[in-house]
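> Sequence and predicted structure, then a few things I'm wondering about:
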Amino acid sequence: MLDLTGKNALVTGIANNRSIAWGIAQQLHKAGANLGITYLPDERGRMETKVADLVAPLNPSLFLPCDVQNEAQIQSTFQAIAEKWEKLDILIHCLAFANKDDLSGDISGTSRSGYAKALDISAYSLLQLSGAAKPLMTAGGSIVTLTYLGGVRVIPNYNVMGIAKAALEMSVRYLASEMGPQNIRVNAISAGPIRTLASSAVGGILDMIHHVEQVAPLRRTVTQTEVGNTAAFLCSDLASGITGQVIYVDAGYEIMGM
Ligand SMILES: NC(=O)c1ccc[n+]([C@@H]2O[C@H](COP(=O)([O-])OP(=O)(O)OC[C@H]3O[C@@H](n4cnc5c(N)ncnc54)[C@H](O)[C@@H]3O)[C@@H](O)[C@H]2O)c1
C-alpha cells in the first residue's frame, strides 16, 4: 500500500491551484506525508497570502519563501528543516522559468541573459536544492523533478526551456549516481502538457494540448492529480528500486511517431 506516514516532504513550485506542485502536494498529504511548502516571494507579499490560503487545508508544518536564485533563502529553508524536522525524506522540485520572449521565435535569437536565467532557475536549482537536501536525508530519500518531452525532442516554441529540460534530465542521472549509495533516489516525471501559469507562457500551448488530445493513445491530456499520484508512488517504498529515470505521465504521447 502507498503509505508516506512519518515522511517529511518539501514541496516547491506551488503558485496556484493549477500548479502541478499543488497536485503533488495533495497526493503526498493524502498518503500521510508531513509537508513543508515553499513559495516564490514577491515584493507585495501577494504570493505568500495566496499560496498560504491554498495550502492551509494540508496543514504544512513549514511554510517558507524560497527563490532559487537567492542563496540566503535556500540556506534558511534548509536550516529551518534541520531545526524543525529530524530528517528530510522527500524533495519535490517543481519549478521552472524562462522569459516569455525566449519561448517563441528563433532559438538562435535567445539572449545570453535569457539562456542563463532559464538554465539557472530550471536546471541548476535541482543541483542546488538536492545538495542542500542530501545531508538531511539521513534515512535515505526521494527527489522528484518535473520535465517535459521538449527536453528530448523539438517542440515548437519550447526553445530554451527544451535546453534547460535536457540539462535537468541529465542532472537527474548524475545526482542519482552520486546519491544512490546513501539510498537517495532521484527521478523525473515527464508530464504531458497541462494548462498552468508556466505553460501559458509557451507560444501555442493550446494547440499543443489539442494535438495531444487527438494523437495520444489515451486521446486526452493528463491531470495534476495523475502527476501527483506518480510522484507519491516515486516517493514511496513501492518505488524503492527506481532511480535515475524519466517516467512519462503523458497519456502515452511519447511513444507515437506520428
Ligand atoms: N504545465 C505543463 O504542461 C508542464 C509539462 C511538463 C513539465 N512541466 C514542469 O512542471 C513544473 C511546474 O510547472 P507548472 O506547469 O506547474 O507551472 P506553475 O507556473 O504553476 O509552476 C511553476 C513554479 O515555478 C516557480 N518559480 C519560478 N521561478 C522561481 C524561482 N526563481 N524560485 C522558486 N520558484 C520559482 C513559480 O513560482 C511557480 O510556482 C515546471 O518545471 C514545468 O516545466 C509543466
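Received the coordinates, thanks.

> contacts, neighbours, all on C-alpha from now
Noted.

> Which pLDDT does the model give Thr77?
At Thr77, the model reports a pLDDT of 98.

> Now name the helix or strand holding it.
Per DSSP states H and E: Thr77 is located in helix 71-84.

> Name the next helix or strand following that helix along the chain.
For helix 71-84, the following helix or strand on the C-terminal side (DSSP H and E) is strand 90-93.

> what pLDDT, on average, does the helix or strand following that next one get?
Under the assignment DSSP H and E, the closest C-terminal helix or strand after strand 90-93 is helix 112-119. In this model, helix 112-119 has a mean pLDDT of 98.

> Residues touching helix 112-119, excluding its own?
Outside helix 112-119, the residues within contact range by Cα atoms under 8 Å, 6 or more residues apart in numbering are 96-99, 102, 160-161, 163-164, 167.

> of the residues you listed, list those near the ligand.
By Cα under 6 Å from any ligand atom, the members of the contacts of helix 112-119 lying near the ligand are 96-97.

> Show the pLDDT at the residue of the stretch 101-250 of the chain found nearest the ligand.
Closest to the ligand within the stretch 101-250 of the chain is Pro193: 3.2 Å, counting by Cα to the nearest ligand atom. Per-residue pLDDT puts Pro193 at 97.

> Report the secondary structure state of it.
coil (DSSP: H, G, I helix; E, B strand; the rest coil).

> Surely it touches Val222?
Yes. With contact defined as Cα atoms under 8 Å, Pro193 reaches Val222; the gap is 7.5 Å.

> Touching both of those two, which residues are there?
Common neighbours of Pro193 and Val222, using Cα under 8 Å, 6+ apart, are Asp250.

> Look up how far the ligand lies from the most centrally placed residue in the chain.
Nearest residue to the geometric centre of the chain (Cα atoms, centre = their mean): Cys94, 1.9 Å. In this view, Cys94 and the ligand are 4 Å apart by Cα to the nearest ligand atom, to the nearest Å.

> residues contacting the nearest residue to that residue once chain neighbours are set aside?
Leaving aside its sequence neighbours, Cys94 sits nearest to Gly13 (Cα to Cα, 6 or more residues apart in numbering; 4.9 Å). Contact partners of Gly13, counting by Cα under 8 Å, 6+ apart, are 19-22, 38-40, 93-95.

> To which secondary structure element type does Gly13 belong?
Under three-state DSSP, Gly13 falls in the coil class.

> tell me which parts of this structure are close to the ligand?
Proximity of the chain to the ligand is confined to 13-15, 18-21, 40, 66-69, 94-97, 121, 146-148, 190-199 under the rule Cα under 6 Å from any ligand atom.

> Could you list the residues in contact with the helix ranked longest in the chain?
Longest helix in the chain by number of residues, with DSSP state H as the criterion: helix 159-179. Under the criterion Cα under 8 Å, 6+ apart, residues 97-98, 102-104, 106-107, 110, 115, 118-119, 122-124, 126-127, 134, 147-155, 184-188, 243-246 lie in contact with helix 159-179.
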